[in-house]
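Student: Predicted model, plus sequence, below.
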Amino acid sequence: MLPKADLVLRNGRVWAGLTDGVTEAVALWAGRVLATGTDDEIAPLIGPRTRVVDLRGRLATPGLNDAHMHLLPLGVCMAEVDLRPAAAPTLDILLAKIGAAAARTPAGEWVLARGYDHFKLDVGRHPTRDELDAVAPGHPVYVVRTCGHLAVANSMALRLAGIDETSIAPQGGAIEKLDGKLTGLLAENARDPVKAVLPDPSEAQLVEAIDRAGRLCLSQGITSVMDAAVGIRAGYPELRAYQRAKREGRLPVRTYQCLLGGPGGIVEEAYANGLLSGTGDDRLMLGAVKIFTDGSAGGRTAAMSESYLGETPEHGILCLKPEELNDYVLDYHLKGYQMAIHAIGDTAIQQTLDAYDLAFKAEAAPDRRHRIEHCGFLSDAQIDRMVALSVQPVPQPIFMVDFGDLYVSVVGEERAAAAYPMRRWINARLFPAASSDAPVCDTNPFPNIYGMITRQTGKGTPLGGQERIRLDEALSAMTYNGAYVAHAERSKGRLVPGQLADIAVFSRDLFEATPDEIHHDTVCDLTILDGEIVYDRMVGSGR
C-alpha cells in the first residue's frame, strides 16, 4: 500500500514526459513522485496532512532543466549595468546608463556592463572607446556584448590591461583598429588581458550571485541548470563558492557544474583535488569540462567554412589549433571527464568531432555522452557523425528568436534557416537539450518554447520551418533531454514514480494555447523542488 502523499496536484493537465502521457493529478512523497493518475485514482493518497493544490486546468510538467547557462555569471551580471536591448535600445541611452553608473562609482573603480546588441542599437554598430571615455573619463569601463564573445573597453581599461596601438592580437582573438587607432572592440582571446585586471569578487559576493540567479530560475519553473564554465569569472574560488552556497542553503537550483578547461582553465586543480565527473549529489554535481573552440555567429566570430557576407572574406575565429584541442580533449577524456565543447560554426564543429574521434579511439567510452554546446551551423554529415560517436547537441533555440534576423544579415537566409536543427537532431534520435545560455539570452523559457514550435524570429520572420518540432517534443527538450545529457535521466526529467519531485506549473495549459500566448502571455505560477513549493507567484518565493 502506498503512503499518504505530502503534496498532491490535481484537476489539471499533468504532462509526465514524452513517452509517459498526460493525466490529471500527481502525488508527491518524501521528495519523490509517488504516483500519477486521474483525480479519482490519486484521491486515496490524500490524507489529513496532505497539501492539495488545485491546478484549475493549468499545465504541470517536470521541473525545467536549463542545460546550458551560466548561473554564477548571470547572478554577477544582475548587479551590473543592464544594456540589453529592452533597457538600452539606443546608443544615447546606453551611454547615459554608463555615465550614470560612473557618477555613483568612486573615481578609478570599474564600471561593468553587459547585454548590448549592436545589431539592435539604433546606430547599428558597437559603441567606441572614445564614446565611453566621454561619459566616464575617470573610470575603467568594460562593456560586454550580449553574446559574451566581444566587448568594448575604454581608454583607462585598455591602459590597465596593457593594450595599445602596438598590441598584436593573440591566437584566437582580434583587436579592432581603424586607421591605426584602437576602437576599444576586443574579440575572443584578445579580451583576456582586460579580464585579468578586473577586480575579483569575494566569496561572499559569488555566493550572493549564485543565490540571486537561482531564485530567478525558480520563478520561471527552472529547477535544474548546468553552469557552463565554472571558473570563467573568478577561477577556482567559484567551486568553493558553490560548496559554501550549498552548505548555507543558498543554492536554489540543482546545479551540474561544467569546469572551464583549456587555456586559463581550472581542470588541473580540480583533478588534483579529486573532482571528477560524477562527484557530488543531486543538488550539486561535478559534470563536464568546457573548452571554447570559436565565438558567436552574431559577432561574426563563429568559425565557418563558408565566408560571412560582406566585401571582405571572413570565416570567424578558431580559438585553438587542431592539435591543441586534440591534446586537451584526449587528456580530459583519459582522466574520465565528460566533455562539453563550445562550437557554433561548422568548422569548429568539425574540429570538435575530430578531437572526440581521436579520444574514443584512444579509449572507448560508449556512454560518456560528450556534448557539443550550441552546435549551431552544421551539415547533415556532421549530424550523422554525432550519431556514430554518441555525441549530444546542447543548443539554444531561443537564439533563433533573439538573433535569427541578425543571422540572416551575416550569413544569408539559407544558412540561417538551417541553423540549430532541432527536427533533424530528433529525427536522428539524438537528445537536443534546449537551453538559454543566460545571460546571453533571458532565462525565461517561453520564448525558447515559441522558437522551437514556430521557428520564427522575434520580428515574426519565418526561418527554417522544416525544423519546427511539436510542443511535447519542446517540453522534453527542456526536461528529459537536459537530464539525459547530464547522466541524470534516471532521477529527473519525468513525472513517474521514484523520480525527484521537481515540478513547474504554468499559468495556462500550453497545449490549449497559441504560440503567441505561450510567448507573450504565459508565466510560471508554481515551482516545486524536492516536493516542496519553493516559488508561488501569488506570494513570491516559498522559502
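Tutor: Structure's in. What do you need? Numbers count the residues shown, from 1 in each chain.

Student: I372: which element?
Tutor: Using DSSP states H and E, I372 sits in strand 371-374.

Student: In this structure G287 contacts Q338, no?
Tutor: Yes. Contact criterion Cβ atoms under 8 Å: G287 and Q338 qualify, at 6.2 Å. Bear in mind the C-beta positions are built from the backbone N, C-alpha and C, glycine included.

Student: Find the residues that touch each one of the two.
Tutor: S277, H487 (Cβ atoms under 8 Å, 6 or more residues apart in numbering).

Student: which of these two has more neighbours?
Tutor: Comparing G287 with Q338 by neighbour count (other Cβ atoms under 10 Å), the higher total belongs to G287, at 27 against 24.

Student: Name the nearest residue to that one, ignoring sequence neighbours.
Tutor: Y256 (4.2 Å; Cβ to Cβ, 6 or more residues apart in numbering).

Student: which element follows the helix or strand containing Y450 toward the C-terminus?
Tutor: Assigned by DSSP H and E, Y450 belongs to helix 445-454. Later in the chain than helix 445-454, the nearest helix or strand by DSSP H and E is helix 471-477.

Student: chain center to that next one: distance?
Tutor: 17 Å (Cα atoms, centre = their mean, to the nearest Å).

Student: Show me what it is packed against.
Tutor: strand 13-17, helix 422-427, helix 445-454 (3 or more Cβ pairs under 8 Å, 6 or more residues apart in numbering; DSSP states H and E).

Student: Could you rerun that using 6 Å?
Tutor: Applying 3 or more Cβ pairs under 6 Å, 6 or more residues apart in numbering; DSSP states H and E, one finds that helix 471-477 makes contact with helix 445-454.

Student: can I get the CA coordinates of the helix it packs on in PDB?
Tutor: Below are the C-alpha coordinates for helix 445-454, written out as PDB (Å, rounded to 0.1, in the frame of the first residue of the first chain):
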ATOM      1  CA  PRO A 445      11.600  29.500 -21.000                       C
ATOM      2  CA  PHE A 446       8.600  30.600 -23.100                       C
ATOM      3  CA  PRO A 447      10.400  32.400 -26.000                       C
ATOM      4  CA  ASN A 448      12.600  29.200 -26.200                       C
ATOM      5  CA  ILE A 449       9.400  27.100 -26.500                       C
ATOM      6  CA  TYR A 450       8.000  29.500 -29.000                       C
ATOM      7  CA  GLY A 451      11.100  29.300 -31.100                       C
ATOM      8  CA  MET A 452      11.100  25.500 -31.200                       C
ATOM      9  CA  ILE A 453       7.400  25.200 -32.200                       C
ATOM     10  CA  THR A 454       7.300  28.100 -34.700                       C
END
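
Student: ranges for the helices of the stretch 251-400 of the chain?
Tutor: 267-272, 322-335, 346-362, 380-389, 398-402 (DSSP state H, counting those that start in this stretch).

Student: Show me the contact partners of the shortest one.
Tutor: Outside of helix 398-402, the residues within contact range by Cβ atoms under 6 Å, 6 or more residues apart in numbering are Y420, S436, C441, P447, N448, G451, G458.

Student: so which of those residues comes closest to R104?
Tutor: Set against R104, the nearest of these by Cβ to Cβ is C441 (28.1 Å).

Student: Locate that closest one within the secondary structure: which element?
Tutor: Using DSSP H and E, no helix or strand contains C441.

Student: Could you report the neighbour count for the residue nearest to it when sequence neighbours are not counted?
Tutor: In this structure, C441 finds its nearest non-sequential neighbour in I398, 4.7 Å apart by Cβ to Cβ, 6+ apart. Using other Cβ under 10 Å, I398 has 29 neighbouring residues.
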